[in-house]
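> Output the structure for:
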Amino acid sequence: MPFIAPATSLEEAFLGNRERLQRFLRARGAGEGAEDLLQDLWLRFAAAPDPAAACGLAYMMRAADRLMIAAIARPGRRATAISHGPAPSRALPTTSPPPRPPSARCFM
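This next block holds a predicted model:
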């Protein structure tokens, strides 16, 4: 039988609030991506400098909210690419604009 480490209080708190966090993310537009965001959230909690502070529900909800905002603001997000086609190109145009006539230039 493999050795299984005992659950930490952070892990217990996360697992105890997992369904609530998932509903929170889905209500804010994560849809089916809520599971992926939950995994990202857990990785952030596990790397927290103060795991005791991360055990609180308010901290977890705030972190989930910030993660959701970051996921929406991130260009090229996988869910956006799937539902809305490829991300728009941000490359600069290769041709230069035509020169303006002398009357349109501003002289001082």
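> so where is this structure shaky, pLDDT-wise?
1-7, 75-98, 100-108 (pLDDT under 70).
> cutoff 80 now
1-8, 51, 74-108 (pLDDT under 80).
> Show me what counts as buried in stretch 55-72.
Buried residues in stretch 55-72, counted by 16 or more other C-beta atoms under 10 Å: 55, 60, 63-64, 67-68, 71. (Glycine included, C-beta is placed from N, CA and C.)
> Then stretch 14-28?
By neighbour count on 16+ other C-beta under 10 Å, the buried set for stretch 14-28 is 14, 17, 21-22, 24-25, 28.
> With respect to Trp42, which of those is nearest?
In terms of C-beta to C-beta, no member of the buried residues of stretch 14-28 lies closer to Trp42 than Phe14, at 6.1 Å.
> now, among the buried residues of stretch 14-28, which is nearest to Glu35?
Nearest to Glu35 among the buried residues of stretch 14-28, with distances taken as C-beta to C-beta, is Gln22, at 7.2 Å.
> surely that closest one meets Asp36?
No. With contacts counted by C-beta atoms under 8 Å, Gln22 stays clear of Asp36, the gap being 10.9 Å.
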